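**Student:** Structure for this input, please:
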Amino acid sequence: MADALGAQWIRAGHEVLFGGRDLGRATALARRRGGVSGTLREAADFGTGAVLMALPWDVVAEVARQLPLRGRVLIDCTNPVGAGFRLLTAGGPSAAEQLAAAAGPEAHVVKAFNLCHEDVWRLTPPVFDGRPLGVPLSGDDTEALAAVGQLVRDAGCEPFAAGELAQGAGLLEATAALLIRLWAGEGVDAQSIAPPRELAGPLGVSLSPSS
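**Tutor:** Numbers count the residues shown, from 1 in each chain. Modelled structure (predicted):
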């Protein structure tokens, strides 16, 4: 994900530092893509933009506790999906909420880029049937959402709001678990499960509290 999205953002004119737990791999990636490299701490401290947390979801919170993330915009693209396509955070806080708790109250987490395989983000741009790929964003800070929304546009996609972190992030992670199950487990074209918006609107679905 760091490779695929980093390459898109460099192409759009951003300065990108690839940080890694394995500095050799980060350096090789930076040389290949035209960015610079450093440690995870240097990546967290780099510039004034966003930090993409492209790490396995189960180490993201641990790593975040060790980094200077005060005031940073953190993009969480992780998916807590385990064996059998099971959502590993079911019944508890989402992966994004866990990251937010670990990073501290002055960091701004935005859930984004978690619904597609990395190969999709390598497309220039990701356009399907003449329509740019939509990227849902979940977060609580307006400025952070705007910053990540611009990065979405710089990758050739369209951002849209998916709610606050306490609700939206969990829904996005559950959606990813379902899509991964359909694509990888069942061989289903997941696009076929959602009708076009002009048909979805008038269906008469009503959600109301039960009495």
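**Student:** Quick one: the helices in this structure, in order.
**Tutor:** 2-11, 23-33, 40-45, 57-64, 95-103, 118-121, 142-154, 170-180, 197-200 (DSSP state H).
**Student:** quick one: the first one to chain centroid distance?
**Tutor:** What that stands for is helix 2-11. 13 Å (Cα atoms, centre = their mean, to the nearest Å).
**Student:** Can you tell me what sits against that helix?
**Tutor:** 16, 18, 20, 29, 32-35, 52, 54, 77, 113, 118-119, 121-122, 124, 151, 154-156 (Cβ atoms under 8 Å, 6 or more residues apart in numbering). Quick note: C-beta positions are derived from backbone N, CA and C, even for glycine.
**Student:** quick one on the thing from earlier: is it possible to get a markdown table of the helices of the chain that adds mean pLDDT, distance to residue 161 and mean neighbour count?
**Tutor:** Shown next, in a markdown table, are the helices of the chain (pLDDT from 0 to 100; distance: least, Cβ to Cβ, whole Å; neighbours: other Cβ atoms under 10 Å):
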| stretch | mean pLDDT | distance to residue 161 | mean neighbour count |
| --- | --- | --- | --- |
| helix 2-11 | 96 | 20 | 20 |
| helix 23-33 | 95 | 30 | 16 |
| helix 40-45 | 95 | 26 | 18 |
| helix 57-64 | 95 | 23 | 18 |
| helix 95-103 | 97 | 15 | 24 |
| helix 118-121 | 94 | 20 | 15 |
| helix 142-154 | 98 | 7 | 18 |
| helix 170-180 | 96 | 12 | 20 |
| helix 197-200 | 72 | 15 | 8 |
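**Student:** Can I get the ones you listed in TSV including distance to residue 190?
**Tutor:** Converted to TSV, those look like this (distance: least, Cβ to Cβ, whole Å):
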stretch	distance to residue 190
helix 2-11	20
helix 23-33	29
helix 40-45	32
helix 57-64	21
helix 95-103	21
helix 118-121	12
helix 142-154	20
helix 170-180	5
helix 197-200	16
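**Student:** Looking at these, which is nearest to residue 70?
**Tutor:** helix 95-103 (8.5 Å; Cβ to Cβ).
**Student:** Which other helices and strands does that closest one contact?
**Tutor:** helix 57-64, strand 73-76, strand 108-111, helix 170-180 (3 or more Cβ pairs under 8 Å, 6 or more residues apart in numbering; DSSP states H and E).
**Student:** May I see the ones you listed arranged in CSV, with distance to residue 142 as well?
**Tutor:** Converted to CSV, the helices and strands packed on helix 95-103 look like this (distance: least, Cβ to Cβ, whole Å):
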stretch, distance to residue 142
helix 57-64, 22
strand 73-76, 11
strand 108-111, 10
helix 170-180, 19
